[in-house]
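Peer 1: Sequence plus predicted model, see below.
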Amino acid sequence: MLARRLVLTLALAGFPAGARAGGEPPQVPDLPALRTVKARPVVVAEPAVVVSPLTAAALEKAGWKASKNGGLERVEGADKGLIPKFYLEKAQIKWKDGALVYAHSPEAVPHGMFAPILKGLSSFTSAARVERAKAGAVMAAWGLPPSVDGRRLYNPAGDATYFGIMLHSMLAARPEQVAQLGVERTAQALNLLEHAYDQAFHKQAPDIAQIDLDRARLLLFAPARDGETPLGVPTARPNPAAMLKDYKDQLRAEAAAALKTGDAVRRKDSAEALAVLNNLEKQRLHRNLDLIEVPEPGKEKKADPAEGLLQNKSRPEKRKEEPYAPLASGLPGLLRVLDRLNGTPLTPEQQESLIKAFPMGDLVWRMGAQDLWKQGLTGKGVKVAVIDTGIAAHPELDGAVKGRVNLTAERGKGAVGSHGTHVAGIIHALAPEAELRGYAVFSGDEGNGVLWENPNQPILDAIHRAVKDGNQVINMSLSSGEGPSAQLARVVEEYASKGVIFLIAAGNSRNDFGGVNAPSSAPSAITVGALDSAGRMSDFSSFGKRFDPRRLAAVVKDVFLAPGSNIVSMMPSSPLDSDTRAPEYAPMSGTSMATPAMSGIAALLAQDMGQMTLVPNPIEMAQRLKAALAQSSAPMALDKLPPSVPVDQPFFVVRPLRALDALRAASVSVADNR
C-alpha cells in the first residue's frame, strides 16, 4: 500500500421488518383482547428494584439510598440530590441481582467508588433540573453570547444546550462573574465540559468527570489576567425566543398586507423569510451531547396510559412534511426583508443577535460577510471548486453543489467525507449563491483501506479538471511535506499566473517542515493561516521560511489569516438519525477551515469584479484581488505572534469590506463606460 504523502490539514478537531419479498405477508391470528372495541388498556408496571443488604449499606455510607424505581436519592438531611434510573443507564451502570454493575461487563461497581461516582453523576442531574428555556433566557439576560469558541450555549429558540446547562449551573450563584469572563478561560472550561460528558456517559468514569467539572468551575471564577480577551460587553442580550417571535409576527403582518395590495413580490419575500425563521427555530445544536431534563420529585410528567399500547389502526397518521427552507442561503434575504420592514437597517446589535442565532452565524459575523451581502454580493455566478474528500449530501448544500467528481478509487460512502463537507459548508455560508463543485481526491470517513492510494495524481487531475470546468476560485484545504518546487506547486502556479484564484491552507504543522509546504508555497497562490476565537494566530498554523533546493533560494510566503479554530460547519447526516433531513453541524479546527472562509470572501469579491470591470481580465482580476486583500488587511503585530516568527514574515488579518472598497476604487464600472 502506498504511503499517503499528502494529508488533509484538519487538526485538533473537534456519528420494523416488512413483508417478505415474493410472497404474501404472514397471517397474524386474531388476538382475543382486540375483539372488544372498548377494551381497557393494560399498563404493565415495572417491578421494583431489589437492593442487596451489602449494596444498600454501601450506598448509605456514601450518602445515598435506592428508590423503588431504581433511581438514587440523597439520604435525609443531605443536599436532596437525585439520580434517576435513566441517568444510571445513560452512564452505563445498571442493577443486577441487587447490585450496581457496569453495563456490558460482569464487573460490579466497587462499593468504595460509590461516593465519587455518584457525586459526579449528581452534578449532571442537578444541572439538568433547571428548565432549558429558563436557563437559556437567564444566560441571555446575563449577556452571555449564543456560542463561545464553537460551543453553542443556547439554541436559536432559546433553550439551553448541554454546554449552557452546565455553565448556568456553575454561574447561577454568582452571575456577576459573567462580566469578568475571558474568551480563553471560557473556551478552556467548555473543553473540560465536553471531556466530562465523555467520561461520565461513554467511559463509565463519572468520578473523573467530576474532576473536569471542578477544574472548569475554577477557570470560570479565576481572576482576569493581563492580555486576556474579554468575552463581550456584559449587557443583556435579546431573549432568543422573544426575538424570533417578534420577527415572525412582523413577517406575517407584512405577508398579509402584501396579499391585500396584490404585491406578489413582497408576499413571496416575506413568506420565504418566515420559512427561514420557522426552520431556524427547530434547530438543535450539539445533539450528540444531551442531558435529559430531571423534574423535581413529585412534579414528574404523568405518563399517558394510551402511549405504547397496541392501537386498532392499520397504520399511524402521517404528518405532511414542510419543505426544507435553507438557512445559509436564506439569511441574506431575511436580513434584507427585515431592513425594509423597519424602514432602516437593523442596528449592529440587532444584526449580531439574529446572525449569531444561525448555526454558522459566528463565522458569518466574524468575517463580516453581511456587509458584503448588503452590497448585493452573495457569490452569484461565481464557480468555486473544492478539492478535498467528497462532499456529502446535506439539506443546506442541496442547491449549491452543482457537480461532484470522484477521482479516487473509492465508491459509495467511502467517496464522501466530513472534511470536504465541512469545507464546502463554510464557503456556502459566506457566499450562499456561489456554485460549488466537489472533486474528491481523498478517501472519506468510511473509506476502504484496500483502495487507498497516493493522492498526488488525483489532486493534479482535480486541478486540471477544475480549471477546465470554469471554476474561478479553487479551494485546497490540503498540504504536503514537499518543498516549494514540487510538481503540485508548479501546476498551481501555472494556472494561478493565468488568473485562476487559488486559496490553499498554510498547514497545521507549525514549522515542523520549516515553513509552508506545497502547493501553498506557489508564489501566486493565496496562503491561508488560522486565527483562534480570541483573534490570535492558532497554535497549529504554519508559517515561516522554506528552503527550495531546486532553485537554491529561501521562500517566505505572505500568510492571510482567517478564523480556523473550532469553526462550526455542515457535516454528513448521521446514519443513526431517524430524521434524515435534520442537518448536522459540528466544529472542526485547522487551516483547512480558515481557507474556505477566505474562499467564500474571494467568491463575493470575484462577483463584484465581474460586475464592475468593463472587460474582465482574469489575470488582472486575480492580481487585484490579492493586492486588495493585502492592502486592506490589518497587519498582525509582532507582540501577538510566537517568538519564532521571522521579522520579515508578513501576516494579514483579512477585512473583507475594506477589500471591497479598495477593489471598487480601482475598478471601472460597466455603466460608466456606456
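Peer 2: Arrived safely.

Peer 1: tell me which element A187 is part of?
Peer 2: helix 183-201 (DSSP states H and E).

Peer 1: Against G470, how distant is E435?
Peer 2: Distance of E435 to G470, given as CB to CB, to the nearest Å: 9 Å. Where you see a C-beta, it was placed from the backbone N, CA and C, and this is true even at glycine.

Peer 1: Doesn't V384 lie inside a strand?
Peer 2: Yes: assessed by DSSP: H, G, I helix; E, B strand; the rest coil, V384 belongs to a strand.

Peer 1: thought it was touching L436?
Peer 2: Yes: in this structure, V384 is within contact of L436 by CB atoms under 8 Å, at 5.5 Å.

Peer 1: Next, show the common contact partners of those two.
Peer 2: Taking CB atoms under 8 Å, 6 or more residues apart in numbering as the criterion, V384 and L436 both touch I427.

Peer 1: The stretch 501-650 of the chain: helices as residue ranges?
Peer 2: For the stretch 501-650 of the chain, the helices defined by DSSP state H, counting those that start in this stretch occupy 591-612, 618-632.

Peer 1: who does the last one touch, helix- and strand-wise?
Peer 2: Same thing as helix 618-632. helix 591-612, helix 656-666 (3 or more CB pairs under 8 Å, 6 or more residues apart in numbering; DSSP states H and E).

Peer 1: Dump the ones you listed into TSV; add mean neighbour count as well.
Peer 2: Shown next, in TSV, are the helices and strands packed on helix 618-632 (neighbours: other CB atoms under 10 Å):
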stretch	mean neighbour count
helix 591-612	28
helix 656-666	18
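
Peer 1: could you redo the ones you listed as TSV and give each row mean pLDDT?
Peer 2: Putting the helices and strands packed on helix 618-632 into TSV (pLDDT from 0 to 100) gives the following:
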stretch	mean pLDDT
helix 591-612	94
helix 656-666	92
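
Peer 1: closest one to T261 among those helices?
Peer 2: Evaluated over those, closeness to T261 peaks at helix 591-612, with 32.1 Å, by CB to CB.

Peer 1: now the angle between helix 656-666 and the closest one, please.
Peer 2: 30 degrees (axes from the mean of the first three to the mean of the last three CA atoms, to 10 degrees).

Peer 1: so what's the residue positioned nearest the centre of the chain bridging to?
Peer 2: Note on the chain: the residue nearest the mean C-alpha position is V568, at 2.5 Å, using CA atoms, centre = their mean. According to DSSP bridges, the partner residues bridging V568 are P587.

Peer 1: Pull out the buried positions in the helix holding A187.
Peer 2: Using 16 or more other CB atoms under 10 Å as the test for burial, helix 183-201 gives 183-197, 199-201.

Peer 1: how about G150, what does it touch?
Peer 2: Residues near G150 by CB under 8 Å, 6+ apart: 14, 362, 533, 565-568, 587.

Peer 1: What's the PyMOL syntax to select whichever of those residues are buried?
Peer 2: To isolate the buried ones among the contacts of G150 in PyMOL, judged by 16+ other CB under 10 Å, type:
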select buried, resi 14+362+533+565+566+567+568+587
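
Peer 1: In TSV, list the contacts of G150 along with distance to A58 and pLDDT.
Peer 2: Shown next, in TSV, are those (distance: CB to CB, whole Å; pLDDT from 0 to 100):
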residue	distance to A58	pLDDT
G14	38	39
D362	47	97
S533	45	93
S565	45	96
N566	42	96
I567	47	98
V568	44	97
P587	41	96
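
Peer 1: between the contacts of G150, which is nearest L213?
Peer 2: Closest approach between the contacts of G150 and L213, by CB to CB: G14, at 19.4 Å.

Peer 1: okay but F114 is in contact with A56, surely?
Peer 2: No: using CB under 8 Å, F114 makes no contact with A56, being 11.1 Å away.

Peer 1: Settle it for me: which of the two has more neighbours?
Peer 2: Legend: neighbour count by other CB atoms under 10 Å for F114 and A56, higher for F114 (21 against 14).

Peer 1: Just give me the neighbour total for T235.
Peer 2: So T235, with other CB under 10 Å, has 10 neighbours.

Peer 1: what about it, which SS state?
Peer 2: coil.

Peer 1: so how far is Q177 from the closest residue to it other than its chain neighbours?
Peer 2: Nearest in space to T235, with sequence neighbours left out and distances taken as CB to CB, 6 or more residues apart in numbering, is G143 at 5.3 Å. According to CB to CB, G143 and Q177 sit 12 Å apart.

Peer 1: okay, now I117: neighbour count?
Peer 2: By the criterion of other CB under 10 Å, I117 has 25 neighbours.

Peer 1: same question, the one 4 residues further on
Peer 2: The tally of other residues near L121 (other CB under 10 Å) stands at 25.

Peer 1: mind checking how far it is from Q199?
Peer 2: 11 Å.

Peer 1: what is in contact with these two at once?
Peer 2: Shared contacts of L121 and Q199, counting by CB under 8 Å, 6+ apart, come down to P206.

Peer 1: tell me what the helix holding A187 is packed against?
Peer 2: helix 114-127, strand 147-148, strand 151-152, helix 162-171, helix 206-220.

Peer 1: Recalculate using a threshold of 7 Å.
Peer 2: Applying 3 or more CB pairs under 7 Å, 6 or more residues apart in numbering; DSSP states H and E, one finds that helix 183-201 makes contact with helix 114-127, strand 147-148, helix 162-171, helix 206-220.

Peer 1: So for G412, which of the ones you listed sits nearest?
Peer 2: Comparing the helices and strands packed on helix 183-201 by CB to CB, helix 162-171 comes nearest, at 33.0 Å.

Peer 1: Off-centre distance for that closest one?
Peer 2: Chain-centre distance of helix 162-171: 19 Å, with CA atoms, centre = their mean, to the nearest Å.

Peer 1: Show residues contacting it.
Peer 2: Residues from elsewhere that reach helix 162-171, judged by CB atoms under 7 Å, 6 or more residues apart in numbering: 126-128, 130, 135-136, 138-139, 151-154, 160, 177-178, 190, 193, 197, 217, 220, 286, 289-291.

Peer 1: Please pick the buried ones from those.
Peer 2: Among the contacts of helix 162-171, the ones that count as buried by 16+ other CB under 10 Å are 126-128, 130, 135-136, 138-139, 151-154, 160, 178, 190, 193, 197, 217, 220, 286, 289, 291.

Peer 1: pretty sure P175 is touching W142, no?
Peer 2: Yes: counting by CB atoms under 7 Å, W142 is a contact partner of P175 at 5.3 Å.

Peer 1: Looking at these two, which is more packed in?
Peer 2: W142 (21 against 16).

Peer 1: excluding its backbone neighbours, what's nearest the more buried one?
Peer 2: Nearest non-adjacent residue to W142, counting by CB to CB, 6+ apart: V178, 4.6 Å away.

Peer 1: how far out from the middle of the chain is stretch 48-65?
Peer 2: 43 Å.

Peer 1: in that stretch, what's buried?
Peer 2: Buried residues in stretch 48-65 (16+ other CB under 10 Å): 51, 55, 58-59, 62-65.

Peer 1: from those, which two are the most distant?
Peer 2: Greatest spacing in the buried residues of stretch 48-65, by CB to CB: V51 and G63 (15.4 Å).

Peer 1: what do E435 and G470 both touch?
Peer 2: With CB under 7 Å, 6+ apart, E435 and G470 have common neighbours K383.

Peer 1: Which residue of those two possesses the greater neighbour count?
Peer 2: The residue with more neighbours, out of E435 and G470, is E435; 22 against 11, by other CB under 10 Å.

Peer 1: picking up where we left off before, among the buried residues of stretch 48-65, which lie within strands?
Peer 2: Members of the buried residues of stretch 48-65 lying in strands (criterion: DSSP state E): 64-65.
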